[in-house]
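S.K.: fold the following.
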Amino acid sequence: MTAPATNAPIEPKEYSHGEILGVMTGLLAALFTALISSTIVSTALPTIMASLHGTQRQYTWVITASLLTMTISTPIWGKLSDLFNKKVLTQVAILMFVAGSVLAGFSHEVWLLMPARAIQGVAMGGLIASTQSVMGSIVNPRDRGRYSGYMGAVMAVATVSGPLLGGLITDHLGWRWTFFVCVPLAVIALGLLQWKLHLPTVKRAHVKIDYLGAVLLSIAAALPMMWVTFAGNSYDWISWESAAFGVAFLIAASLTVVVELRAAEPMLPLRLLRNRTTVLMIVGSIAVGVAMFGPAVFLTQYFQLGDGHTPTRAGLMTIPMILSQMISATTCGQIVSRTGRWKPVMVFGGAAMLVGLGGLGLIDHSTSYVHVAIFMAIAGVGIGALTQNIVLVVQNTVDVSQVGAASASVAFFRSLGGAVGVSVLGAVLTSLVGNNIRDGLQALGVHAAMPSGDTQLDISALPAPIRTVIHHAYSDAFGPVFMISAATAIVTFVCILLVKEVPLRRTIAKEPAAEVDVDVDAAAVAATR
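M.R.: Residues are numbered from 1 along each chain as shown. The predicted model follows:
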């Protein structure tokens, strides 16, 4: 009698180096498409907002929209990748990204751009979760650092070429083409995925999707970002509105914990938090998210709005950070794979990130580019050493059957930290810029009323002295923003120091094959009774 499908783990296939590279060709092509599209747009965003007559607060919201949806959707995509075909999910994510990009390209109002960016964020969550899930399914943790280095290099190339390409497109073709350019790249990625990515789909007897958990998780993640976005402008930081947001978050978070602990297939596997290593790495990843997204978002704005450079030049000026991040990710991945030691690499990365962000926290309108470039590069070294290795450490603590959800959980908290961090930093920047502009105008003898710190980003029609005041107002405001990012980097560094180094295993499955076979046989016998 044939036993029915079972949820018992099975021994995963061992892939050769050539097979892994074949899979990664299509996978990284998809990731490259989304990443380069995002970095192209980041350089063009100040120009886009000026063209659509957006404000500084709306600038932050356009960024937050994609970060929020990426944060919410990442654990959902990750869990789905453990339940369904990873290849199909990746292809769906690419098509969603194309749809969001086309909608954004045709936007003529900021309120149309925001939902388009939200769709892009959902797709990015899918690509991030699928990439990590597939990697965890075909490569054992000891060798994964080697391939993570390849992934880091591709990510860095996309990030390096994106700002420059974004500046060239914005200056010569118009900002709308920064969204349209991803369409042909997506078609190529879809073709490569269809050709190269071949993964078996494990048939499961009973698949239960945790819909309630997904809804509650989305609400719990969205509430703190909504609060920090409006606090300080629509209402005071200490007010009944802030209290209402706090109570609503506590209720949503509590319900999420209760539902996820009881769910058969939870979207966010909270049981992983029983492991001390996982807890420390998740806390550390939250701070990495702030440190990673903060500079990426605000450095381009610093060069354009603070120093008055063109989008093309601003993109070129961020290259030291991106190159150092690429070299660091590749080199550290190789070191981890060859030695099996990850903690020394991560301690070095945490220290570098802290020093780099601390140096950026000292900039103002008189700071030379050499100073900025040096500390950008140091911060890039730290971020490159940490981003993939944090995921690797957590993956080493779980079995292949949970690798998608575990990887997505780390990405979720990292993205949540980045999204909330960008919202907080954006609110701080808006307030500082408004105060600096008022002080600068008063020094000129101009007593104009400023609209509660929410400044317009199109300043091209203003007289030269006033433009200078606004440029200096921005330049002087970015130092405190980066210093806050440096403070969060201390949390990451402490978590790395506290974590206990566990050797990376050389098997894809956590449990030995013999134990897995026993479980499968036991399940088959039970099913025949």
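
S.K.: and residue 377, how far from residue 300?
M.R.: To residue 300, residue 377 is 16 Å away according to C-beta to C-beta, to the nearest Å. In short, each C-beta sits where N, CA and C put it, glycine included.

S.K.: okay, those two: which has more neighbours?
M.R.: residue 300 (25 against 21; other C-beta atoms under 10 Å).

S.K.: give me the pLDDT for the more buried one.
M.R.: Note for residue 300: predicted pLDDT of 75.

S.K.: ok, the one 4 residues further on next?
M.R.: With respect to pLDDT, residue 304 has a value of 79.

S.K.: and residue 116, by the same measure?
M.R.: 90.

S.K.: my guess is it contacts residue 98. True?
M.R.: No: between residue 116 and residue 98 there is no contact under C-beta atoms under 8 Å: 11.4 Å.

S.K.: between those two, which one's more packed in?
M.R.: Comparing residue 116 with residue 98 by other C-beta under 10 Å, the one with more neighbours is residue 98, at 25 against 22.

S.K.: who are the contact partners of the more buried one?
M.R.: 182, 183, 186 (C-beta atoms under 8 Å, 6 or more residues apart in numbering).

S.K.: phi, psi of residue 396?
M.R.: Main-chain torsions, residue 396, degrees, to the nearest 10: phi -70, psi -20.

S.K.: one more: residue 341?
M.R.: phi -100, psi 120.

S.K.: my guess is it contacts residue 392. True?
M.R.: No: with contact defined as C-beta under 8 Å, residue 341 and residue 392 do not form a contacting pair (12.0 Å).

S.K.: more neighbours, the two?
M.R.: Comparing residue 341 with residue 392 by other C-beta under 10 Å, the one with more neighbours is residue 392, at 26 against 13.

S.K.: buried residues in the helix or strand harbouring the more buried one?
M.R.: Using DSSP states H and E, residue 392 sits within helix 369-395. For helix 369-395, a neighbour-count test (16 or more other C-beta atoms under 10 Å) marks 372-373, 375-395 as buried.

S.K.: from residue 68, how far off is residue 228?
M.R.: From residue 228 to residue 68 the distance is 11 Å (C-beta to C-beta).

S.K.: again, but for residue 179
M.R.: Counting by C-beta to C-beta, the gap from residue 179 to residue 68 is 19 Å.

S.K.: quick one, helices of the stretch 401-529 of the chain?
M.R.: 403-444, 464-498, 513-528 (DSSP state H, counting those that start in this stretch).

S.K.: export those helices as CSV, with columns for mean neighbour count.
M.R.: Shown next, in CSV, are the helices of the stretch 401-529 of the chain (neighbours: other C-beta atoms under 10 Å):
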stretch, mean neighbour count
helix 403-444, 23
helix 464-498, 20
helix 513-528, 13
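
S.K.: any idea which of those scores lowest on pLDDT?
M.R.: For the helices of the stretch 401-529 of the chain, where the average pLDDT is lowest is helix 513-528, sitting at a mean of 38.

S.K.: can you pull the buried residues of the helix or strand in which residue 137 is found?
M.R.: Using DSSP H and E, residue 137 maps to helix 110-138. Judged by neighbour count using 16+ other C-beta under 10 Å, the buried positions of helix 110-138 are 110, 113-114, 116-138.

S.K.: which helices and strands sit right next to that helix?
M.R.: When contacts are defined as 3 or more C-beta pairs under 8 Å, 6 or more residues apart in numbering; DSSP states H and E, helix 110-138 sits against helix 17-51, helix 56-83, helix 86-105, helix 141-172, helix 369-395, helix 403-444.

S.K.: run the chain-centre distance for that helix.
M.R.: 9 Å (C-alpha atoms, centre = their mean, to the nearest Å).

S.K.: what do you get for stretch 349-358?
M.R.: 19 Å.

S.K.: and if you look at stretch 283-290?
M.R.: 10 Å.

S.K.: residues touching the residue nearest the centre of the chain, list them.
M.R.: Centroid-nearest residue in the chain, with C-alpha atoms, centre = their mean: residue 415, separated by 4.7 Å. The contact partners of residue 415, by C-beta under 8 Å, 6+ apart, come to 67, 70, 71, 74, 125, 289.

S.K.: could you do residue 312 as well?
M.R.: 43, 164, 167, 168, 170, 171.

S.K.: about what we covered before: in strands, which of the contacts of residue 98 fall?
M.R.: Assignment to strands by DSSP state E places none of the contacts of residue 98 there.

S.K.: which among the residues you listed end up buried?
M.R.: 182, 186.

S.K.: can you report how many residues neighbour the closest residue to residue 192 other than its chain neighbours?
M.R.: For residue 192, ignoring the flanking residues on the chain, the nearest one in space by C-beta to C-beta, 6 or more residues apart in numbering is residue 26 at 4.0 Å. Close neighbours of residue 26, defined as other C-beta under 10 Å, add up to 24.

S.K.: give me the pLDDT for residue 26.
M.R.: Reported pLDDT for residue 26: 74.

S.K.: same question, the one 5 residues further on
M.R.: According to the prediction, residue 31 has pLDDT 76.

S.K.: can you tell me which of the helices and strands packed on helix 110-138 has the worst average pLDDT?
M.R.: Averaging pLDDT over each of the helices and strands packed on helix 110-138 puts helix 141-172 lowest, since it has a mean of 71.

S.K.: skip ahead from it and say which helix or strand is next.
M.R.: Counting by DSSP H and E, what follows helix 141-172 is helix 177-180.

S.K.: flag every buried residue along that next one.
M.R.: So helix 177-180, judged by 16+ other C-beta under 10 Å, has buried residues 178, 179, 180.

S.K.: could those go into JSON lines alongside distance to residue 235?
M.R.: Output for the buried residues of helix 177-180, formatted as JSON lines (distance: C-beta to C-beta, whole Å):
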{"residue": "178", "distance to residue 235": "35"}
{"residue": "179", "distance to residue 235": "34"}
{"residue": "180", "distance to residue 235": "39"}
